[in-house]
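Asks: structure, please.
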Amino acid sequence: MAGPPVIIWAQEVERLLHCRELVPRLEAALGKFSRRDSAEVIQPVRSTVPLQKHNGFMGLMPTYMENDGVLCTKFVCFYSRQEGSTLPGTQATVVLLDAEYGNVKAVMDGDVITGMRTAAVSAISAKLLMRPEAEVLAILGTGHQALSHYNVFTEMFPFKEVRVWSQSRQRAERFRQSVGGPVKICLSVEEAVRGADAIVTVTKCTEPVLFGRWVKPGAHVAAVGACRPNWRELDDVLMKGAVVYVDSREGAMAEAGDVILSGAEVFAELGDVINGTKPAHREKTTVFKSLGMGVEDAVSAQLVFDQWTANASKL
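Replies: Next up is the predicted model:
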């Protein structure tokens, strides 16, 4: 008979989950997901329940990786908060189950996992699509995802300059103080992105904040915010002028307002590039529209659980 589930809190997840170990596992998982001729990854599009009283949604993201024996789901609540609110914008919990018996093996903090795996997948998109000589990174937003993207991107790539924009100068200053490296605070989005080689959008905006006329040809954009079909971060000029990549075609057509409202064509999934079935157009302006997938949470949770189990066995 199975014992009680392991509870792994945020501080422990943060200690066990590292970019250098997670990235290759995510690359493999993205490739498996995009091979539609196999049952390696069974993952329905995220289902959402509106929380109208609280101006938010609850999302459910189940995944089964048959060959790896990984069964997992994430519960995530995300909200549109008023300016100055002290309430969290997102709260997430990841549950790892035994695929054969159906019992819960572990319950772990999902916020750390969400931040790390989202930034790692964005970095994978940059690894595949960004020009190798890239020197300038611009980050729009200064929340938890902005911090995780800063940490992962500066670990993986040798940028000479990092620019940050926020709707609040105070938050931008706080962000600069929280990171370990030099950051240039920009007073406008245009100032932040003009001439940038890579741009990460991690805002709470529901209307376009990044305009194609400001983006230099050949830049790479990782668009992470705007995860509802009626929310946007990027304008039509950028979406229609770039080669658009996504994590999941099905997910993008159901949830990505940047894709749906612009009518832009999705060229490929990241997994298609990893599998070699679609090219990486580094020479062109590229957009990776990230929505996040259950398989990314599943791989991350399994890695955390494996590390926790290995540490526990040494005690």
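Asks: need the helices for the stretch 151-300 of the chain, in chain order.
Replies: Along the stretch 151-300 of the chain, counting by DSSP state H, counting those that start in this stretch, helices occupy 169-178, 189-193, 236-241, 249-255, 257-260, 270-275, 294-314.
Asks: now do the contacts for R213.
Replies: By C-beta atoms under 8 Å, 6 or more residues apart in numbering, the contact set of R213 is V237. Using the backbone N, CA and C atoms, a C-beta is placed for each residue, glycine as well.
Asks: tally of neighbours for the residue nearest to R232 when sequence neighbours are not counted?
Replies: Nearest non-adjacent residue to R232, counting by C-beta to C-beta, 6 or more residues apart in numbering: G257, 4.7 Å away. Residues contacting G257 under the criterion other C-beta atoms under 10 Å number 22.
Asks: cool, and T114?
Replies: Neighbours of T114 (other C-beta under 10 Å): 25.
Asks: repeat that for Y245.
Replies: So Y245, with other C-beta under 10 Å, has 27 neighbours.
Asks: gap between the nearest residue to it once chain neighbours are set aside and D247?
Replies: Once flanking residues are discounted, Y245 sits nearest to F288: 4.8 Å by C-beta to C-beta, 6+ apart. To D247, F288 is 8 Å away according to C-beta to C-beta, to the nearest Å.
Asks: common neighbours of those two, please.
Replies: Residues touching both F288 and D247 (C-beta under 8 Å, 6+ apart): L270.
Asks: still on that earlier bit, I figured the residue nearest to Y245 hits L234, correct?
Replies: No: using C-beta atoms under 8 Å, F288 makes no contact with L234, being 11.1 Å away.
Asks: shared neighbours of the two, anything?
Replies: With C-beta under 8 Å, 6+ apart, F288 and L234 have common neighbours V221, A223.
Asks: and those two? which has more neighbours close in?
Replies: Between F288 and L234, counting by other C-beta under 10 Å, L234 is the more crowded of the two (30 against 26).
Asks: what about E207, how many residues nearby?
Replies: Neighbours around E207, by other C-beta under 10 Å: 10.
Asks: nearest spatial neighbour of it, chain-adjacent residues omitted?
Replies: Once flanking residues are discounted, E207 sits nearest to R232: 6.1 Å by C-beta to C-beta, 6+ apart.
Asks: and the one you found, backbone torsions?
Replies: phi -140, psi 150 (degrees, to the nearest 10).
Asks: ditto for T142
Replies: The phi/psi pair for T142 (degrees, to the nearest 10) reads phi -140, psi 20.
Asks: next: K74.
Replies: The phi and psi values for K74, taken as degrees, to the nearest 10, are phi -120, psi 140.
Asks: OK, contacts around the residue nearest the centre of the chain?
Replies: Nearest residue to the geometric centre of the chain (C-alpha atoms, centre = their mean): T118, 2.4 Å. Residues in contact with T118, defined by C-beta under 8 Å, 6+ apart, are Q145, S148, H149, V224, S290, G292, E296.
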